[in-house]
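> pasted the sequence and its predicted model underneath.
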Amino acid sequence: LCMFLALCLLVALGLGSETKGPAIDSSDRALSYFLVQYERTKLAAADFQVHEYWARTNPTERSTDWAALLGQRVKAMAFLLKTEARNDFFVEKDKCQMYNFFVRNGFEVPPFKVFRTKETFKKAVFNGSYASAESTLKPRAWGWPRFVKCCHLTQASMGSVKRLRTPQWLAEHKGEINDWIDDKWEARSDDKDRVWQRDGNKLTNSVSPGFMVMAPYPASYNEAIGHYEPFELKVEVIWGRAYLAVSDRHYKTFYLRDGSIETQDEDKTYSPLRRLGINSWIATEGHLEKTWELAEKVSRVMGNPAVRVDVFILQGFPDAIAINECSLSSAMYYGPHGQYLARMWFEGITNNWNANSTFTENIPVHKVSWPDKRSPNSLTGSSNRMNLTNQTFRLTMRYVSDDGKIIGPFLLRVMAAIAMLTGVGVIQLLRTRRCSATHCSKLCSAVKRLGAQR
């Protein structure tokens, strides 16, 4: 009888290869999801203070077109730049300012070094002197490949990121790298094919040229493309609450707050998944809960009611989470969910969900930090730095191999289990080399579970 019931359960769960559910009207599915999230987002907005800069750049004309609302925001930011020299948008349009903002406010990012002079950068990129610079990570983790990003070019279509594969590859391609640096130093962003092109270019043209070198975030095995790479979830946060996350490698996958998962096919139709066979670890290892929390904290520190936060996650280590970047004018296509993202943002404005609660700082958004006081949007129990110092992330960054993978993943899982199950920080445990009998008992249980997973 037990075997029969187990077999029935397996069939019901659809275990095996990835299976799609029956065809549905995706717009109806998106509407049903919106209606459930509406009250929850409204509740989050009631406890959300908007930075006065974002309050002044909120859209004023109703639209269900997500891009149209973002265009209104960009236009308002361009107006404030012209009339008041406000450049708070540097928190996203200047990548180097953006990463400094993350570090000042206690968010984890891969190690990086910023350069604002071209010749200094050229010397550093070839002699590797940047790897000895101060970092949020000590000891520093500079594996390969490494990435060069342009501070002043925000669009991927501009070729603003250069991958430095290995030390040997870098030496063999010195001429190519020099030419690329010269070309990108003179280039300026162009928001072509965007409804906000004219106003968007006014913003990015005010950003000074610059470069940054960034260490790799550890890679996970992406079953959709068949090899290892850093895995990223792009999260839209509305009124301080994450609405959905998107993975857009190979094909788009939408992760929703109700636990459901949707995929976009080549013809841009959407299907629900009964069970996620490809990259199922994202849902089963608890990464989504961590991703929602982190993205919402970024939104709250900014005081921004509509922002996309891109988050790195690592297979096997849900606590080794880090930020890649953020976006104020995302051109991401959200299919049937786009109109409801727009509606949620504008409903909060017109219905005054946050009771016009705003806060003002005497410095631009991109220079804001909370070293001595709590953020106006601190969550219950959060410290002034939002409790984001992440020992698991720092530990994994120490063990990145030259191909971007984690060295000794099973060992690191055991270490992560110690921190999670015993409440003892991994670094602290390694330093003291001591733990109580209770800790040892919990650790033995954790090792058995991890061994079974392996």
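Ah, there it is.

> what's the nearest residue to A124 if we skip its chain neighbours?
Nearest residue to A124, sequence neighbours excluded (CB to CB, 6 or more residues apart in numbering): Y130, at 4.8 Å. Just so you know, the C-beta spots here come from the backbone N, C-alpha and C atoms, and that holds for glycine as well.

> pLDDT at that neighbour, what is it?
For Y130, the pLDDT comes out at 81.

> any low-confidence regions in the stretch 301-450 of the chain?
When residues are selected by pLDDT under 70, those of the stretch 301-450 of the chain lie in 371-374, 378-450.

> at 90 instead, please
Applying pLDDT under 90 to the stretch 301-450 of the chain flags the ranges 330-333, 335-336, 356, 359-363, 368-450.

> one more: the stretch 151-300 of the chain?
Ranges of the stretch 151-300 of the chain meeting pLDDT under 90: 154-158, 192-193, 222-227, 248-253, 259-280, 283.

> can you pull out the strands in the stretch 151-300 of the chain?
Ranges of strands within the stretch 151-300 of the chain are 161-164, 211-214, 220-222, 227-229, 231-238, 241-247, 253-256, 261-264, 270-275, based on DSSP state E, counting those that start in this stretch.

> now do the longest one and strand 241-247, the angle between them.
Here strand 231-238 runs at 150 degrees with respect to strand 241-247, directions being taken by axes from the mean of the first three to the mean of the last three CA atoms, to 10 degrees.

> partner strands of strand 231-238 and their direction?
Sheet pairing for strand 231-238, assigned by DSSP bridges, gives strand 241-247 (antiparallel), strand 306-314 (antiparallel).

> out of those strands, flag the one nearest E84.
E84 lies closest, by CB to CB, to one member of the strands paired with strand 231-238: strand 306-314, at 21.5 Å.

> how about the strands of the stretch 151-300 of the chain in CSV, adding mean neighbour count and distance to K174?
Converted to CSV, the strands of the stretch 151-300 of the chain look like this (neighbours: other CB atoms under 10 Å; distance: least, CB to CB, whole Å):
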stretch, mean neighbour count, distance to K174
strand 161-164, 16, 11
strand 211-214, 23, 15
strand 220-222, 18, 31
strand 227-229, 13, 26
strand 231-238, 24, 30
strand 241-247, 24, 35
strand 253-256, 22, 39
strand 261-264, 20, 41
strand 270-275, 18, 47
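
> look up how far A322 lies from A215.
Distance, A215 to A322, using CB to CB, to the nearest Å: 11 Å.

> now do the shared contacts for those two.
With contacts taken as CB atoms under 8 Å, 6 or more residues apart in numbering, A215 and A322 have P110 as neighbours in common.

> using a markdown table, lay out the strands of the stretch 151-300 of the chain together with distance to F112.
Shown next, in a markdown table, are the strands of the stretch 151-300 of the chain (distance: least, CB to CB, whole Å):
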| stretch | distance to F112 |
| --- | --- |
| strand 161-164 | 13 |
| strand 211-214 | 4 |
| strand 220-222 | 21 |
| strand 227-229 | 19 |
| strand 231-238 | 16 |
| strand 241-247 | 23 |
| strand 253-256 | 27 |
| strand 261-264 | 32 |
| strand 270-275 | 36 |
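
> can you tell me which of those is nearest to D179?
Each of the strands of the stretch 151-300 of the chain has some distance to D179 by CB to CB; the shortest is strand 161-164, at 11.1 Å.

> partner strands of the closest one, with direction?
Applying DSSP bridges, one finds strand 161-164 paired with strand 146-150 (antiparallel).

> how about the partner strand: buried residues?
Taking 16 or more other CB atoms under 10 Å as the basis for neighbour counts, the residues of strand 146-150 that come out buried are R146, F147, V148, K149, C150.
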